[in-house]
Structure formats: structure tokens, C-alpha cells
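Visitor: Any chance you can model this:
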Amino acid sequence: MKIKLISFFVFFLSIIHVRADEGMWIPLLLEKMNESDMQQMGLKLSAEDIYSINKSSLKDAICLFGGGCTAEVVSEQGLIFTNHHCGHSAIQQHSSLEHNYLEDGFWANSFEEELPNPSLSVTFLIRMEDVTTKVLEGVLPSMTEKERKDIIYNNIEKIEEESVKNTFYKASIKPFYYGNEYYLFITETFNDVRLVGTPPDAIGGFGGDTDNWMWPRHTGDFSVFRIYADKNNQPAAYSKENIPYKPKKSLPISIKGVKENDFTMVYGYPGTTKQYLTSHAVNLAGNIQNPVKINIRNQKLEIMDAAMESDPLIKIQYASKQAGIANAWKKWTGESKGLKKMDAIQVKENLEKKFMEWANTDASRKIKYGKLLETFKSVYTEMTPILLANDYFGEAGASLEMIRYAWGFNNIISKCKDTSITDAEFFKLIEQYKTNASSFFKNIHIPTDKKIFIASMQIYYANVDDVYKPEIFHVIKTKFKGDISKYAEYLYTNSMMVSEEKAKTLLSGLKRNKTKAITEDPFFKLAKSLYENYYVNILPFLSNYNEQLDSLYRIYVTGLREMMPQKNFYPDANLTLRLTYGKVKSYKPQDGVKYNYYTTLEGMMMKEDSTISDYQIPEKLKELYLKKDYGRYASDSTLHVAFIGTNHTSGGNSGSPVLNAEGKLIGLNFDRAWEGTMSDLMYNPDQCRNITLDIRYVLFIIEKYAGATRLIDELNIES
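Guide: Residues are numbered from 1 along each chain as shown. Below you'll find the model as predicted:
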């Protein structure tokens, strides 16, 4: 017993402290939880300089860009920087063969030339507040999960409504630590965001899929936008009368550069992490789900890549789609490898063993936690087939463009039955669908789509568990003998939803009481079968299991925090504003290999290969390199492109400002090193590195390559 106790306390002491590099911290709590540690590491600011509701602070320069990236305000005229890949969809939408901004880049020479983006918005945090007590008011331990959820939902609704009454702000309350705590976020959203400048893909996406998630990296991953507001500096829909937004705070820019062990902060909106998963969940993600999703995306990418190489128009149509598919594909591959390298499952099992030892040493803890891990194992075992069915539906079904497009017609069917919709409103909807058809088919190449459809559906048809197969698969089996190619030929030949002309003909013939042309369309039948199967046979059961897991994790995290009261626990990312901090640092990804902490333009030139699209370099950039015409942005006659650090980042941190100890902008976060992409599930300081685009390279491209000096003149640049 004495030996066991010594072993337990050695383990306990080894895990009560979180590495300074690890964690995505709540800005509101920095003074309480992190300020001292950050200042010891080199920070020269106070917690209030980073987050304050009483004065302008760094938080006022950080915004959520679109639905899943971060941007930062860098001028007094609402100019914002974000990643090239974050702005890629907007850039692609403005591109054509006549104006190929993907290939040539784009730089507005005046405010009037800046391009509007109707579907793009940015959101600023006004303030946040711990409302746990208010949200959990009336919740009792004896309640069922449904009773608990109902009370919480009603409390949240009231708090949100009251908190923004008589304002233009929006309110949302999100759970933290699996519902052990709740925080209120008051936000302001601007919907007039215009494209100001972007380098060509050859700079902004240099290295392509080959270098994605890799180090060393030489990608100029940035784009420039501007926020517009009405004459009162308030959010407004796009209007020619709008003027550049005057921010509460804009970031000063430092071009001093960085050196190893410099303190850095990343301030942004990380999307999703799951640091408290059990060993069962880690095994499921790394060894079961990831391989399935990787295989499906690999098939899609091979088809897309070949098509894009064959035709410049197809390259424009699929550039943004291909990048989105490839990003997660490579990330999942690295994640599985990283989990294996750090023996993640064993690490989790060791923690769980110690947790159970701790739980069983006290009678009350044994009652509360004694069967917890056993229950986790049971739930994950039962839900595995449903999770895989969900993955096949998402990756090989609902992700296919023609299926999503066809399913969109279901909205017309619903409106036909809605007696509150007038005939005039119905026909207005039809006209909108005609307009949507033009934009949809502008960005799709049907022969390529057909190949992707066949490859994806073959995997879906062959591998999903029989219990979760949609009814249409029985039709494919009986009528087409299971031949997906023959089925695809039938679809693309007979559907009225496979071209702009056919879709508009279909829409023109519709009447409120005559929608048979939609319901009998073969592509609509397929989409309807897939989605109905999902909503009836997958989603309800998956939701039930997820509710069980939410309850289990709420108890588990409570137990972990009780077991280690001296440890600062950080909550999982959930697309709310967070701060992470660390240091600029080189690393050793594998035996015999050590990577420097920065890359240079010289290294980019060494990668050049005119026969590989990922490694083609614009002539003007090569000319600047040969002349060493770097302006004030060089470091000892060398132009740095990127650097790495130990900041704990995730998806959503793309475009986040990387700040020095004085809160000055030194770079844009854009990626993680491949060996550490498992950091969404588990963080390892020896493997995990965030990749940052050096701000000096950004300014060099804007000034020297693009000649956009009007933008440089807006910035507050400090030498």
C-alpha cells in the first residue's frame, strides 16, 4: 500500500501543472489564472491591457472572420489582416478567366475599388461574463438530463434577452468544461467587409497540399480586407454610402523580428478541441474514424487535382473546394500519426487508472465516480457503428455538391405546403432559386463532379453498416445490380438538376400544386433518401449518445478538477475568444532531425519547381530576390518568411495575430506542424508547434511586390 501511495503521488505531482505553452485561456480570467506566469515568461503588459471592458484593450482589435477564422484590425480605417486561405472563398468568388485574382492577385488602388462580399461578416467581442450561477439556478443533482437541460435552456434564453435589451448587440451563452461553467458573450457584427488585397496563390498558397501542415514552410498566407460602417460608425448592410470603420483599437506592428525563446501570444478564436477525452474516444478518433474519412477525401482529391491540372477554368472553380478538403485530410493523417507517436492511448489509460485509484480511496467518491470509466467504454462501444454511419453520410453523401444542391429543392416543397406563404412570396422564392442556379453552376464542372460522385458513393455503398443504409441503396442493388457507375449515368442523364439550363426549366414549370417534377427527379430522390435516413436512423441515436457523453464528461471533468485542485484547467475551444502563449522555439520532430525556428525567402527559392504547380514562383518575386530588394524588412540581408513557436492553437486560430511581449503584431498564425496536429486532442510540448507568417514578409509583399503603398501608409509600423 505504501508503494502504491508513493507511485500515485509521484504521478499526481507530475500532472498538477499545465505546461506554460499549453492551454487556450479565457481572457476574462487572465489576471486570476495567467498574468503572473505570463509576466515571468516575458510579458510586459497587464491582463487588463489584453482584456478590458473599461478601456481600449487588445481584444478590441481581434475579430471572428466569417464563420471560422480570426482577423485583426491594423489601421484606424478598419483595415484587417487574415490568412489567404481564410479569404480564399471570397477571392475565388470574385475571380474569372478575365480577372483571375487567384492566379494574378488583386490590389485595390482606392476605397472605391475595394470589393464587397455579401456573405462575409466580422464579429467583435464587447464583453464576456461568468453567468454560471444564473444559468444553473434551479438545477438539482436529482434531476434527469432532460429536466436539467430544460431549466438551463430557459435560463439562458432569459439572460441573453435581458443582456442586450435596447442595444444593437447580440448575446450568446456557451457551456465550458462540459456544462460545469457558463459564459455570456456580448458581440457586435459588421456585415460590410470588402476585399482590399491578396497575393496570388503562388505566394498565398505556396507549397499547396505538399507543404500543408508541414515545417519548414514558405507560404505567404495572408489577405487584406476592410470593415465598413454607416456614418455613425455602426454596423450596416453593404451600401456605397458606408465609410471605413473607425476601430476602438488597432494593432501596432513591430518589424524588429523574433529570435528563439522570445515570448509570443496568439489571440483569436480557436474552433474545437477535446483535451479531456478518454482513452476510448482517442482510440476511436485516431484508429477508426480518421482512416475512413482520410480514404474518402483521398479519392476526391485525386480526381480534383487531375481535373484542375487539365483546365484553368476548372482550377478556378475548384481551388477553394480542393483546399478545404485537403486541409482536414492531411490534418487527420498527421493527427493519427501524432497520437501514435506520443502513445496517447496509453497516456490516457494511465490517467484513468490513477483517477480510479483516487476515486476508490473514498466512499463518497466511489459512489460518484466508481463506474464512470466503465460506462464510458460501454457508450463508445455501442455508438461506434452510428459514428461511422455519420461519417460516411457526411463525407461521402452530404458533402457531394449535387446532392446538397438537389436537397435544397426540399425547401420549395415545404413552402408549397405552408399556407402562410403567399403566391407572390412563393414565386419570388422560385426567382431566387433561378439566380442561385446561375451561381451554383458557375462553380461546378459536371464531368468532374460525376467522377467524385462515383468514387464517394462506391465507398459509402460498400462500407456502411446495413442497419444504416438509406432506402435508395436497395434500389441501386436491385435495379442497377450495385453498379454505382451505371446509377450515376442514369442520374446525370435524367435529372433536371444537373445544369443551369435544366434547373431553370424545371423551376419555370413549377406551380404550388404541381411539384411532381421535383419529387420525381432522380437526384432529388437520392438526396431525400440520404437525408431522411440521416434524420430518422442516425441523428436521433447519435444525439442520444452525445447527451450521455456530455453528462459523463461533465462528471469526469469535475472529478479531475477535484483530484488536482492545484492545477489550472483550461476549457476546450468552442469558437470563443482565447489567448494562448508560449515561446519561439525550434524542435526535433524525429530522431536525427532538428528544424530551425524560421524560414527565409532563399529557402522558398530552393523549393522552386516550374513543373509542379505547388512550387511555382512569380517572376517579380524572383526579381526582388535576386536584387535583394527587401527594403526595411530584411534581417541581416535575409528576408524571413515564417517562424514557429509553442503556442497551443487550433482550427479557427487561422489568421490570428501573433503578438510579442509588448502586444505588437509580429506575425499571422496560419498552421501547425504536422507532427503536432493531435494537439486538438492531446498537447505534447515536444511535438506541437504553431506556424506563423512573419509580418515582415507580409509588409514586403504589400509594399515591394504589389506596390500597394497606400496600405503601408495606413499602418503603425515600429522599427
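Visitor: Relative to S320, how far out is H94?
Guide: 12 Å (C-beta to C-beta, to the nearest Å). Just so you know, the C-beta spots here come from the backbone N, C-alpha and C atoms, and that holds for glycine as well.
Visitor: okay, the two: which has more neighbours?
Guide: Taking neighbours as other C-beta atoms under 10 Å, H94 and S320 compare with S320 leading, 20 against 16.
Visitor: residue contacts, that one?
Guide: Residues touching S320, when contacts are defined by C-beta atoms under 8 Å, 6 or more residues apart in numbering, comprise H88, S89, Q92.
Visitor: So which of those wins on neighbours?
Guide: H88 (21 neighbours).
Visitor: Now do the contacts for it.
Guide: Residues counted as contacts of H88 (C-beta under 8 Å, 6+ apart) are G204, G205, S223, A319, S320, A323.
Visitor: and for stretch 299-314, what are the contacting residues?
Guide: Contacts with stretch 299-314, where a contact means C-beta under 8 Å, 6+ apart, come from 97, 100, 103, 209, 315, 318-319, 321-322, 325-326, 329, 445, 447-448, 451-452, 455-456, 459, 613.
Visitor: May I have that stretch exported as CSV, CA atoms only?
Guide: Included here for stretch 299-314 are C-alpha records, laid out as CSV according to Å, rounded to 0.1, in the frame of the first residue of the first chain:
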residue,chain,number,x,y,z
GLN,A,299,-10.4,9.7,-53.6
LYS,A,300,-11.9,13.1,-54.0
LEU,A,301,-8.5,14.9,-54.1
GLU,A,302,-7.1,12.6,-56.7
ILE,A,303,-10.0,13.4,-59.0
MET,A,304,-10.0,17.2,-58.3
ASP,A,305,-6.2,17.5,-58.7
ALA,A,306,-6.2,15.8,-62.1
ALA,A,307,-9.2,18.0,-63.3
MET,A,308,-7.6,21.2,-62.0
GLU,A,309,-4.4,20.4,-63.8
SER,A,310,-6.2,19.9,-67.1
ASP,A,311,-8.1,23.2,-67.4
PRO,A,312,-7.6,26.7,-65.9
LEU,A,313,-11.3,27.3,-65.6
ILE,A,314,-11.7,24.1,-63.5
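Visitor: what is the mean pLDDT for it?
Guide: Averaging the model's pLDDT scores along stretch 299-314 yields 95.
Visitor: got the buried residues for it?
Guide: Q299, K300, L301, I303, M304, D305, A307, M308, I314 (16 or more other C-beta atoms under 10 Å).
Visitor: Could you give the separation of that stretch from the chain centroid?
Guide: Computed by C-alpha atoms, centre = their mean, to the nearest Å, the chain-centroid distance of stretch 299-314 equals 24 Å.
Visitor: For the residue lying closest to S46 once chain neighbours are set aside, the count of nearby residues, please.
Guide: The shortest distance from S46 to any non-neighbouring residue, by C-beta to C-beta, 6 or more residues apart in numbering, is to E35 (6.9 Å). Residues lying near E35 (other C-beta under 10 Å) number 17.
Visitor: How much space separates E35 from Y267?
Guide: In this view, E35 and Y267 are 15 Å apart by C-beta to C-beta.
Visitor: Now do the strands in the stretch 1-150 of the chain.
Guide: With DSSP state E, counting those that start in this stretch, the ranges of strands along the stretch 1-150 of the chain come out as 62-65, 69-73, 79-82, 106-107, 115-116, 122-130.
Visitor: Could you tell me how far stretch 470-482 lies from the centre of the chain?
Guide: Going by C-alpha atoms, centre = their mean, the spacing between the C-alpha centre of stretch 470-482 and its chain's C-alpha centre is 36 Å.
Visitor: what about the stretch 51-200 of the chain, any weak spots by pLDDT?
Guide: Residues of the stretch 51-200 of the chain meeting the criterion pLDDT under 70: none.
Visitor: State the helix or strand in which K451 lies.
Guide: Element membership for K451, per DSSP states H and E: helix 446-463.
Visitor: Now the buried members of the contacts of stretch 299-314.
Guide: With burial judged by 16+ other C-beta under 10 Å, the buried subset of those is 100, 103, 209, 315, 318-319, 321-322, 325-326, 329, 445, 448, 451-452, 455-456, 459, 613.
Visitor: tally of neighbours for K607?
Guide: For K607, the count of nearby residues is 17 (other C-beta under 10 Å).
Visitor: With S110 instead?
Guide: The criterion is other C-beta under 10 Å. On that basis, S110 has 7 neighbouring residues.
Visitor: quick one: contacts for it?
Guide: When contacts are counted by C-beta under 8 Å, 6+ apart, S110 is found next to R710.
Visitor: From I227, how far out is it?
Guide: Following C-beta to C-beta, the distance that separates S110 from I227 is 17 Å.
Visitor: Quick check: phi and psi on the closest residue to I126 other than its chain neighbours?
Guide: Closest residue to I126 in three dimensions, ignoring its sequence neighbours and counting by C-beta to C-beta, 6+ apart: I186, at 4.3 Å. Here is the backbone geometry of I186 (degrees, to the nearest 10): phi -100, psi 120.
Visitor: Contacts only, for I186.
Guide: Contacts for I186 (C-beta under 8 Å, 6+ apart) come out as L125, I126, R127, M128, E129, S163, V164, Y169, K170, A171.
Visitor: nearest to K628, of those residues?
Guide: Taking C-beta to C-beta as the measure, L125 is the one of those closest to K628, at 42.4 Å.
Visitor: Leaving out sequence neighbours, find the closest residue to that closest one.
Guide: Using C-beta to C-beta, 6+ apart and skipping the chain neighbours, the partner closest in space to L125 is L577 (5.0 Å).
Visitor: And for that neighbour, the neighbour number?
Guide: When neighbours are defined as other C-beta under 10 Å, L577 has 24 of them.
Visitor: Touching, it and R127? I think so.
Guide: No. If you go by C-beta atoms under 8 Å, L577 and R127 don't touch, sitting 10.6 Å apart.
Visitor: Residues in contact with both of the two, list them for me.
Guide: By the contact definition C-beta under 8 Å, 6+ apart, L577 and R127 are jointly contacted by no residue.
Visitor: before we move on, what SS does the closest residue in space to K321 that isn't next to it in sequence have?
Guide: For K321, ignoring the flanking residues on the chain, the nearest one in space by C-beta to C-beta, 6+ apart is M304 at 7.1 Å. Counting by DSSP: H, G, I helix; E, B strand; the rest coil, the backbone at M304 sits in helix.
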